[in-house]
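Undergrad: Okay, sequence plus prediction incoming.
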Amino acid sequence: MKKKSCQSSRNSPVKKNCLLTRRQFIGVSTAAAAFTIVPRHVLGGPGFVAPSEKVNIALIGAGGQGLSNVKNLFHENDAQIIAICDVAEKTDLMPFYYKCFAGRKPVKAAIEEHYGTKTPNYKCAEYEDFRVMLEKEKDVDAVLCATPDHSHAVISITAMKMGKHVYCEKPLAHNVWETRQVARVAKETGVATQMGNHGHSGEGPRQTCEWIWDGAIGAIREVHAWSDTGKWAKEPGRPKDTPPVPEGFNWDLWLGPRENRPYHPAYAPYNWRGWWAFGTGAIGDMACHNMDPSVWALKLEHPISVEATATGVDNEITSLGGICNYRFAARGDMPPVKLTWYDGGLRPATPEGLDPDDPKQRLGDGGNGIVFIGDKGIITCAGWAGMPRLLPLSRHMEYKRPEKSLSRSKGHHADWIAACKGGQPASGNFEYSARLTEIVLLGNVALRSRKKLMWDGPGMKATNSPEAEQFIKEQSRKGWEIA
């Protein structure tokens with residue numbers, strides 16, 4: 001007769017003879033034999049989750065993007081959100097892009113309402129400080145980080161060092177050095193990871209890779225990617241007035257690793273992307289989406305040089321619009337390539353032979369996209385790593401598609417959850433996404449240094465620009481350092 005497993009959690013009844021949590025050692029002895037059930041993390045590596053169990057997720061950052069992730073996780077039957085952390089009790093995002101009410105209390109209510117339909121009186125723990133949450137919530141298997149950019153790295157690294165799987169929104173970190181540390185800790189701990197550039201798990205970038213590797217447009221020496229996003233901060237310099245901190249908002253925790261400064265609504269809850277201290281500008285916001293197909297398909301790693309120009313370059317606020325040129329050396333049988341990024345409404349010129357007024361010959365989706373210029377033709381994709389199109393249209397119609405060579409995704413969150421349970425690593429794991437993020441953030445280093453950088457990738461330094469070091473590795477406030 002098989003023994004019934006005994007398992008407890010905050011949202012399931014605990015039998016009287018079941019006194020230990022699932023993460024603890026359970027010793028069971030019978031008259032016939034003595035069995036030792038070892039904790040799952042010992043059996044399966046860091047953060048191991050048995051295939052029969054749900055992945056217990058803690059959300060850190062319950063703003064608009066955090067709420068979006070929560071709604072996606074509601075569709076994943078192999079996961080449940082058991083804890084939530086945000087520095088704000090309630091956030092009014094109605095005037096902004098997300099057009100919702102967020103913060104830990106509204107999002108907690110949504111979580112409890114959703115899971116409560118299947119588990120009456122479902123409870124989601126609520127915290128203001130992620131460090132306290134991770135210390136107290138022993139049943140957390142995985143963390144989803146959806147905070148502003150400046151706290152991505154410290155949260156992700158803290159969680160990984162505690163054996164938690166991590167999904168982190170893009171960009172993976174705020175600067176190049178942090179990105180390297182996130183990748184290092186992910187490798188050392190072996191936890192399941194995924195960056196939140198959801199288009200990476202779509203059909204689009206897979207087809208783009210397969211077509212390029214099939215030689216659909218020949219050798220590629222020129223790529224252009226762009227986004228019309230940006231323009232969050234409009235006035236140079238820090239605000240002079242000091243309005244009171246909103247009730248229920250912990251400004252000091254929101255600052256995290258950044259130096260102390262007075263609260264101002266120009267920073268939070270939404271326009272932080274436009275401030276160098278907290279955000280990474282338009283390129284940090286969108287290039288992890290729109291440049292992704294080029295990094296994957298062309299197998300890009302360290303650029304050899306980076307040069308950027310922009311309108312409204314300032315020491316405090318990100319630019320209103322700019323252009324960044326990356327040059328990469330040859331890779332195997334792939335020739336050297338120049339990759340150019342545009343933002344703030346700037347975009348590449350229409351290649352010769354195409355009609356810019358013909359919707360069927362349009363590059364990308366207009367406001368966002370990428371275009372590959374090959375010896376034998378052109379491939380363009382919509383923004384967020386969308387579906388590829390060969391140009392001109394006649395070439396697209398006659399092209400014989402190659403066999404699928406890349407595995408297909410079940411979904412960006414689904415792949416991460418499967419990896420948490422011992423499946424294959426998610427395609428946007430931190431090994432890959434750190435490489436993508438570093439390329440992206442080097443554009444900001446070049447822009448802020450105001451000179452062309454000759455980049456030594458292995459050495460992580462600009463060989464011709466000592467002044468770039470302050471942007472490659474930024475200072476963290478005491479108590480928030482990354483070890």
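TA: Structure received.
Undergrad: For the stretch 1-150 of the chain, which segments count as helices?
TA: 40-44, 64-73, 104-116, 130-136 (DSSP state H, counting those that start in this stretch).
Undergrad: closest one to residue 398 among those?
TA: Residue 398 lies closest to helix 64-73 among the helices of the stretch 1-150 of the chain, at 37.8 Å (Cβ to Cβ). All C-beta spots, glycine's among them, are computed from the backbone N, C-alpha and C.
Undergrad: Next, the contact list for residue 313, please.
TA: If a contact means Cβ atoms under 8 Å, 6 or more residues apart in numbering, then residue 313 has 319, 447-448, 450 as its contacts.
Undergrad: Nearest to residue 98 among the helices of the stretch 1-150 of the chain would be which one?
TA: Short answer: helix 64-73, nearest of the helices of the stretch 1-150 of the chain by Cβ to Cβ, at 2.8 Å.
Undergrad: Helix 104-116 and that closest one, what's the angle between them?
TA: Between helix 64-73 and helix 104-116, the angle comes out at 0 degrees (axes from the mean of the first three to the mean of the last three Cα atoms, to 10 degrees).
Undergrad: tell me which residues of helix 64-73 are tucked away?
TA: Going by neighbour count (16 or more other Cβ atoms under 10 Å), the buried part of helix 64-73 is 64-70, 72-73.
Undergrad: quick check, nearest of these to residue 158?
TA: Nearest to residue 158, judged by Cβ to Cβ, of the buried residues of helix 64-73 is residue 66 at 17.3 Å.
Undergrad: Tell me the spatial nearest neighbour of that closest one, not counting adjacent residues.
TA: residue 146 (3.8 Å; Cβ to Cβ, 6 or more residues apart in numbering).
Undergrad: Could you tell me how many residues sit around that neighbour?
TA: 23 (other Cβ atoms under 10 Å).
Undergrad: How about residue 377?
TA: When neighbours are counted by other Cβ under 10 Å, residue 377 registers 17.
Undergrad: Just want the phi and psi numbers for it.
TA: Dihedral pair for residue 377: phi 160, psi -170, per degrees, to the nearest 10.
Undergrad: Just list whatever residues bridge to it.
TA: On the basis of DSSP bridges, residue 377 is bridged to residue 374.
Undergrad: Verify the contact between residue 226 and residue 339 for me.
TA: No: using Cβ atoms under 8 Å, residue 226 is not in contact with residue 339, being 11.5 Å away.
Undergrad: Please name the bridge partners of residue 338.
TA: With DSSP bridges as the rule, residue 338 is bridged to residue 222, residue 327.
Undergrad: Could you double-check that it sits in contact with residue 324?
TA: No: the criterion here is Cβ under 8 Å, and residue 338 misses it with residue 324 at 11.1 Å.
Undergrad: neighbour-wise, which of the two wins?
TA: Neighbour comparison, residue 338 and residue 324: the larger count goes to residue 324, with 24 against 15 (by other Cβ under 10 Å).
Undergrad: What values do phi and psi take at the more buried one?
TA: Here is the backbone geometry of residue 324 (degrees, to the nearest 10): phi -130, psi 130.
Undergrad: ok, back up a step: neighbour count: residue 226 and residue 339, which is higher?
TA: Ranked by neighbour count (other Cβ under 10 Å), residue 226 and residue 339 place residue 226 first, with 29 against 26.
Undergrad: How about the contacts made by that one?
TA: 290, 341-343, 346-348, 364, 368-370.
Undergrad: Go through these and flag which are in strands.
TA: 341-343, 368-370 (DSSP state E).
Undergrad: show me where the stretch 251-400 of the chain has helices.
TA: For the stretch 251-400 of the chain, helices defined by DSSP H, counting those that start in this stretch occupy the ranges 251-255, 281-290, 292-297, 393-398.
Undergrad: From the contacts of residue 313, pick the one nearest residue 471.
TA: For the contacts of residue 313, the residue nearest residue 471 by Cβ to Cβ is residue 448; the value is 4.9 Å.
Undergrad: quick one: that closest one and residue 471 touch, right?
TA: Yes: applying Cβ under 8 Å, one finds residue 448 in contact with residue 471, separated by 4.9 Å.
Undergrad: one step back: tell me which of the contacts of residue 313 fall in strands.
TA: If you go by DSSP E, the contacts of residue 313 have nothing in strands.
Undergrad: Pull out the buried members of those residues.
TA: The buried subset of the contacts of residue 313 (16+ other Cβ under 10 Å) comprises 319, 447-448.
Undergrad: Quickly note the distance from residue 359 to residue 203.
TA: In this view, residue 359 and residue 203 are 22 Å apart by Cβ to Cβ, to the nearest Å.
Undergrad: Who has more neighbours out of the two?
TA: Remark: of residue 359 and residue 203, residue 203 carries more neighbours, 16 against 7, as counted by other Cβ under 10 Å.
Undergrad: And that one, how close does it get to residue 436?
TA: Residue 203 is 19 Å from residue 436, by Cβ to Cβ.
Undergrad: Residue 450 now?
TA: Residue 450 is 24 Å from residue 436, where distance means Cβ to Cβ.
Undergrad: what does residue 64 give?
TA: The gap separating residue 64 from residue 436 is 23 Å, by Cβ to Cβ.
Undergrad: Same question for residue 101.
TA: From residue 101 over to residue 436 the distance is 32 Å, taken as Cβ to Cβ.
Undergrad: more crowded one of the two?
TA: residue 436 (26 against 16).
Undergrad: so that one touches residue 293, yeah?
TA: No: taking contacts as Cβ under 8 Å, residue 436 lies outside contact range of residue 293: 10.4 Å.
Undergrad: Flag every buried residue along the longest helix belonging to the chain.
TA: Longest helix in the chain, counting residues (DSSP state H): helix 430-449. Neighbour counts over helix 430-449 (16+ other Cβ under 10 Å) mark 430, 432-449 as buried.
Undergrad: ok, now stretch 156-170?
TA: Neighbour counts over stretch 156-170 (16+ other Cβ under 10 Å) mark 156-160, 162-170 as buried.
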